[in-house]
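Peer 1: the following block contains a protein sequence and its predicted model.
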Amino acid sequence: MRQYIITIIGATLLSAMANILSPGTWRKYISVITGFIIISCIISPVSNLIGADIFSGFEDFYEEKTDYEAVERNIITDRLTQSVEEDIEERFDKEFGETVSAEAELRINGDGEIEGIDRIRISGSDGGYEKTRRLCEIYGINEDEVEYE
């Protein structure tokens with residue numbers, strides 16, 4: 001019982017300090033939040049007596065963490081792929097006078113690191129040795145990794 005009273009007094013003191021230290025525009029929000037905290041401190045022993053767990057479900061909230069490194073890696077991969085595709089399209093326009101659409105696939109190792117370009121698909125061109133050789137020279141790929149549609 002003593003711990004219960006100390007908990008309620010502590011929550012009330014923290015609530016009062018938060019209200020004093022918060023800017024005037026935030027006070028009503030701080031009051032609502034600290035009010036919920038005080039109510040949960042008061043209800044907690046009652047819910048233990050009846051066997052209800054008012055905090056159930058919060059464990060799942062912390063377990064569902066996002067792998068931010070994977071998200072960042074995907075964003076970088078998408079941007080790099082888009083840059084390569086735009087570069088190919090610009091090169092075909094400038095060097096060969098053709099308007100094409102390019103798709104590039106990047107080679108990614110098991111650690112998620114980009115190693116290079118795996119395949120290039122080009123739509124809107126008849127291909128040819130000169131064009132393929134130029135792409136292989138620029139992007140460091142083999143001739144069989146360039147496809148024309």
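Peer 2: All right, it came through fine.
Peer 1: distance check, the residue positioned nearest the centre of the chain against I114.
Peer 2: The chain has V71 as the residue nearest its centroid, 3.9 Å off, counting by Cα atoms, centre = their mean. Shown here: V71 relative to I114, a distance of 15 Å by Cβ to Cβ, to the nearest Å. Where you see a C-beta, it was placed from the backbone N, CA and C, and this is true even at glycine.
Peer 1: same thing with L13?
Peer 2: For L13, the distance to I114 equals 54 Å [Cβ to Cβ].
Peer 1: sheet partners, orientation included, of the helix or strand hosting I122?
Peer 2: Using DSSP states H and E, I122 falls within strand 114-123. Sheet pairing for strand 114-123, assigned by DSSP bridges, gives strand 101-108 (antiparallel), strand 146-148 (parallel).
Peer 1: mean neighbour count and distance to E89 added to those strands, as CSV?
Peer 2: As requested, the strands paired with strand 114-123 are exported to CSV (neighbours: other Cβ atoms under 10 Å; distance: least, Cβ to Cβ, whole Å):
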stretch, mean neighbour count, distance to E89
strand 101-108, 16, 5
strand 146-148, 16, 14
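Peer 1: dump these into JSON lines; add mean pLDDT as well.
Peer 2: Formatted as JSON lines, the strands paired with strand 114-123 follow (pLDDT from 0 to 100):
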{"stretch": "strand 101-108", "mean pLDDT": "88"}
{"stretch": "strand 146-148", "mean pLDDT": "86"}
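Peer 1: just put the ones you listed in a markdown table and tack on distance to G24.
Peer 2: Formatted as a markdown table, the strands paired with strand 114-123 follow (distance: least, Cβ to Cβ, whole Å):
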| stretch | distance to G24 |
| --- | --- |
| strand 101-108 | 52 |
| strand 146-148 | 65 |
